[in-house]
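S.K.: build me a model from this:
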Amino acid sequence: MDTQQVLEQARDAITVRRVFGEPYERDGLTVIPAARVQGGVGGGTGEGDQGKGTGGGYGVNAKPLGAFVIRGDDVVWRPAVDVNRMILGGQIVAIVALLTLRTLLKLRAKVATA
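M.R.: Prediction:
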């Protein structure tokens, strides 16, 4: 695959269609999904003692953010819920609470023995 072809494929992959999905309508309500899209491209070429070389690649990361909901003249943004982030946040809060509780119990035991 030619490096130029890789760049063209990456450009096609990172488009506004990836950010804003196809709108759909039902019962007078229009929904336009939105996502955050990030991408990167790399390429290479070379000539040397071993012969001619080429290389290239790209990566795309897309994450849903939410949707615009349109009803008549009203437009409302509805954010997507990231359950994994909520679970991670809950775990962090629980760990901090347990460590704080442990510290308080150690201090209490130290004061009681003194």
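S.K.: from now on I want contacts and neighbour counts done on CA atoms only, so please keep to that.
M.R.: Will do.
S.K.: all helices for the protein, in order.
M.R.: 3-13, 16-19, 83-113 (DSSP state H).
S.K.: closest one to G42 among these?
M.R.: In terms of CA to CA, the element of these nearest to G42 is helix 3-13, at 8.3 Å.
S.K.: state the distance from the residue most central in space within the chain to A94.
M.R.: The centroid of the chain falls nearest to K63 when counting by CA atoms, centre = their mean (3.9 Å). For K63, the distance to A94 (CA to CA, to the nearest Å) stands at 27 Å.
S.K.: check V41 too.
M.R.: Applying CA to CA to V41 and A94 gives a distance of 40 Å.
S.K.: how many neighbours does the closest residue to G55 other than its chain neighbours have?
M.R.: Closest residue to G55 apart from its sequence neighbours, by CA to CA, 6 or more residues apart in numbering: G44 at 4.8 Å. Neighbourhood size, G44 [other CA atoms under 10 Å]: 11.
S.K.: and the gap between G44 and G59?
M.R.: Distance of G44 to G59, computed by CA to CA: 15 Å.
S.K.: where's K63 relative to G21, distance?
M.R.: Counting by CA to CA, the gap from K63 to G21 is 12 Å.
S.K.: repeat for A112
M.R.: With CA to CA as the criterion, A112 and G21 are 63 Å apart.
S.K.: of these two, which one has the most company?
M.R.: G21 (14 against 8).
S.K.: wait, that one sits on A34?
M.R.: Yes. In this structure G21 lies within contact range of A34 using CA atoms under 8 Å: 6.2 Å.
S.K.: low-confidence regions, this protein specifically.
M.R.: Across the chain, the ranges flagged by pLDDT under 70 are 1-3, 6-7, 10-11, 13-18.
S.K.: per-domain residue ranges of it.
M.R.: Domain ranges of the chain: 1-80, 81-114, per automatic domain parsing.
S.K.: from the opening residue of stretch 67-86 to its closing one, how far?
M.R.: End-to-end distance (CA to CA), stretch 67-86: 19 Å.
S.K.: what sits up against stretch 31-51?
M.R.: 3, 6-7, 10, 14, 18-25, 52-70 (CA atoms under 8 Å, 6 or more residues apart in numbering).
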